[in-house]
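S.K.: coordinates only, sequence not included:
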């Protein structure tokens with residue numbers, strides 16, 4: 001199989017305690033991928049020492065790109081990252097988060113099966129970040145089933161390998177300010193019968209810091225998400 005050009009994209013916001021280890025771990029993955037592969041970290045307006053750490057790391061990590069942007073939130077940052085990878089003519093784009101809850105060891109099996117599928121998405125069967133977030137995930141799965149009639153193993157998993165040739169067809173349908181673009185992507189590709197594989201991944205507690213989305217805000221955000229999803233229920237999917 002050819003050594004395809006891989007872009008690993010990673011949104012980050014105020015992860016100063018974890019970002020150095022996480023970037024070093026994932027940079028080793030792009031080092032072993034195809035020519036021109038990059039780890040692209042999108043700094044979503046961090047206010048701690050994250051930006052300084054990333055700027056320092058660029059000196060010793062030749063395949064690291066750091067893009068600093070105004071804070072817009074995790075979802076819109078993911079969308080911007082996907083569009084960047086497409087514009088850079090990547091063959092594959094892989095998204096994961098910067099908090100250390102996912103592990104690069106799980107990526108190998110995804111990469112080895114890219115010839116069989118166009119989308120390979122992680123499935124957090126055993127979440128270890130508390131019952132509240134497990135409950136949120138289950139509620140989201142139920143909402144997707146009710147609104148779209150689509151069953152997904154993990155609606156919003158931050159661990160997904162996507163073939164750019166297929167991904168680019170869906171990006172124009174995602175508003176730049178969409179709250180959970182990964183959820184919408186999962187729905188669209190499932191309804192459109194894309195070649196999808198779901199693979200179980202490890203998902204450990206955050207090694208440091210805390211989530212940028214506190215649980216006290218989840219209820220309001222959930223209402224916003226359901227409203228966004230409902231508005232897209234009759235969307236016309238690309239060929």
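M.R.: Thanks, I have the structure now. What you are looking at is a predicted structure, and each value in this text was computed from that prediction instead of being measured. Numbers count the residues shown, from 1 in each chain.
S.K.: so how far is residue 66 from the residue lying farthest from the centre of the chain?
M.R.: In the chain, residue 59 marks the outermost C-alpha relative to the chain mean, sitting 25.5 Å out by C-alpha atoms, centre = their mean. Using C-beta to C-beta, to the nearest Å, residue 59 is found at 11 Å from residue 66. Heads up, the C-betas are built off the backbone N, CA and C, glycines and all.
S.K.: do the same with residue 195
M.R.: Distance from residue 195 to residue 66, by C-beta to C-beta: 33 Å.
S.K.: give me the distance between residue 72 and residue 186.
M.R.: 21 Å.
S.K.: which one's more surrounded, these two?
M.R.: Remark: of residue 72 and residue 186, residue 186 carries more neighbours, 24 against 17, as counted by other C-beta atoms under 10 Å.
S.K.: residues in contact with that one?
M.R.: By C-beta atoms under 8 Å, 6 or more residues apart in numbering, the contact set of residue 186 is 121, 152, 154-157.
S.K.: where do the strands of this structure begin and end?
M.R.: 6-12, 38-43, 64-68, 92-96, 119-123, 159-163, 196-200 (DSSP state E).
S.K.: can you redo these as a markdown table with distance to residue 84 and mean neighbour count?
M.R.: Output for the strands of the chain, formatted as a markdown table (distance: least, C-beta to C-beta, whole Å; neighbours: other C-beta atoms under 10 Å):
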| stretch | distance to residue 84 | mean neighbour count |
| --- | --- | --- |
| strand 6-12 | 7 | 26 |
| strand 38-43 | 7 | 24 |
| strand 64-68 | 7 | 17 |
| strand 92-96 | 9 | 25 |
| strand 119-123 | 19 | 22 |
| strand 159-163 | 13 | 23 |
| strand 196-200 | 23 | 16 |
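S.K.: how about these in CSV, adding mean pLDDT and distance to residue 24?
M.R.: Below are the strands of the chain laid out as CSV (pLDDT from 0 to 100; distance: least, C-beta to C-beta, whole Å):
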stretch, mean pLDDT, distance to residue 24
strand 6-12, 98, 12
strand 38-43, 98, 10
strand 64-68, 98, 10
strand 92-96, 98, 14
strand 119-123, 96, 21
strand 159-163, 98, 18
strand 196-200, 97, 24
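S.K.: adding distance to residue 171, write those strands out as TSV.
M.R.: TSV is the format used below for these (distance: least, C-beta to C-beta, whole Å):
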stretch	distance to residue 171
strand 6-12	13
strand 38-43	15
strand 64-68	17
strand 92-96	10
strand 119-123	13
strand 159-163	10
strand 196-200	17
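S.K.: and of those strands, who's closest to residue 80?
M.R.: Of all those, strand 38-43 sits nearest to residue 80, with 6.5 Å by C-beta to C-beta.
S.K.: parallel or antiparallel, which strands does that closest one pair with?
M.R.: Based on DSSP bridges, the pairing partners of strand 38-43 within the sheet are strand 6-12 (parallel), strand 64-68 (parallel).
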